[in-house]
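Fold the following.
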Amino acid sequence: MATTGIYNQLLRPAETPEEINDQAQSDQISERVTQLGLLTAGSPLAEERNEGNTYNLTQGEHGALDHKAPHGDIRGVVAGASFNKRCVFSASGVVTGVTFTDAGDESLAEIVRVTFPGSDTGVMFINCTFIRSAASSTCHVLVESGSTAIFIGCTFRGRSQDAGDVINNKNASAVAVQVIGSFNYTANASLGSNITITGVLKP
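Have a look, this model is predicted:
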């Protein structure tokens with residue numbers, strides 16, 4: 001019986017050109033996906049470098065984020081990439097196309113906290129969505145004193161219970177927090193009493 005197996009292997013026909021081509025194409029696709037560095041829902045967002053970490057998020061809930069290394073780049077490369085627990089930014093970074101919600105914990109003090117990224121740096125949110133449930137206890141975003149945050153083309157939904165401030169800016173100056181070309185779909189009349197607003201639409 002053992003020799004039969006050897007003969008079967010020897011007599012097996014070679015792969016056809018079509019099969020070889022299919023395998024090569026499949027290998028190329030796998031290599032390209034690996035090069036993209038996509039992170040699926042539930043993958044840990046470990047900061048592997050001291051600065052300049054990049055995260056390409058696919059659709060799904062990614063839990064929480066604790067961003068400490070400067071010059072980070074967090075991108076939702078597929079619609080539906082979201083964080084459903086509080087995210088803390090204590091270093092400079094750019095966040096693009098991501099949704100932040102309190103779906104994982106409605107009792108969160110805030111869904112995003114920007115905390116002391118440095119006097120000459122900050123965090124920029126581009127085309128992001130911030131959603132608080134009706135049971136939310138406080139604001140959508142908290143920007144601590146000494147921190148800077150810019151929101152461009154973002155959408156805010158739900159309700160903030162923090163003295164009417166969707167974005168709570170703890171800086172003395174409203175210039176530290178800027179919202180540009182965004183939507184206010186919250187139940188609040190304004191996104192904040194101490195922020196700089198340019199071109200914010202409210203239905």
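
mind listing what the residue nearest to Ser193 when sequence neighbours are not counted touches?
Leaving aside its sequence neighbours, Ser193 sits nearest to Asp165 (C-beta to C-beta, 6 or more residues apart in numbering; 5.9 Å). In short, each C-beta sits where N, CA and C put it, glycine included. Asp165 makes contact with 139, 188, 191-194 under the criterion C-beta atoms under 8 Å, 6 or more residues apart in numbering.

now do Leu65
Applying C-beta under 8 Å, 6+ apart, the residues near Leu65 are 45, 74, 83, 87-89.

so Gln151, which of the three states?
Actually, residue 151 is Phe rather than Gln. Under DSSP: H, G, I helix; E, B strand; the rest coil, the three-state class of Phe151 is strand.

Let me know how buried it is, in neighbour terms.
As a burial measure, Phe151 scores 27 neighbours (other C-beta atoms under 10 Å).

Check the gap between it and Asn184 for me.
Separation of Phe151 from Asn184 (C-beta to C-beta, to the nearest Å): 11 Å.

what is in contact with these two at once?
With C-beta under 8 Å, 6+ apart, Phe151 and Asn184 have no common neighbours.

before we move on, the earlier item: lowest pLDDT pick from the contacts of Asp165?
Within the contacts of Asp165, the minimum per-residue pLDDT falls on Asn188 (87).

quick one: that one is in a strand?
No - counting by three-state DSSP, Asn188 falls outside a strand, being coil.

Could you list which of the contacts of Leu65 belong to strands?
The strands, defined by DSSP state E, take in 74, 83, 87-89 from the contacts of Leu65.

and of the residues you listed, the nearest to Ala134?
Proximity to Ala134 was ranked across these by C-beta to C-beta; first place goes to Phe83, at 19.5 Å.

which non-adjacent residue is nearest Gly72?
In space, and not counting its chain neighbours, Gly72 is closest to Gly93: 3.6 Å by C-beta to C-beta, 6+ apart.

and the gap between that neighbour and Glu106?
Per C-beta to C-beta, Gly93 is found 26 Å from Glu106.

Surely Ala174 touches Ile195?
Yes - using C-beta atoms under 8 Å, Ala174 is in contact with Ile195, at 5.4 Å.

the more surrounded of the two?
Ile195 (24 against 14).

got a list of what the more buried one touches?
By C-beta under 8 Å, 6+ apart, the neighbours of Ile195 are 167, 169, 174, 177-179.

Need phi/psi at the residue nearest to Gly72.
phi -180, psi 170 (degrees, to the nearest 10).

In terms of pLDDT, where does it sit?
Per-residue pLDDT puts Gly93 at 93.

Can you lay out the ones in strands among the contacts of Leu65 as a markdown table showing neighbour count, distance to Glu110 and pLDDT?
Output for these, formatted as a markdown table (neighbours: other C-beta atoms under 10 Å; distance: C-beta to C-beta, whole Å; pLDDT from 0 to 100):
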| residue | neighbour count | distance to Glu110 | pLDDT |
| --- | --- | --- | --- |
| Ile74 | 27 | 18 | 93 |
| Phe83 | 26 | 12 | 92 |
| Cys87 | 24 | 9 | 93 |
| Val88 | 16 | 10 | 94 |
| Phe89 | 26 | 12 | 94 |
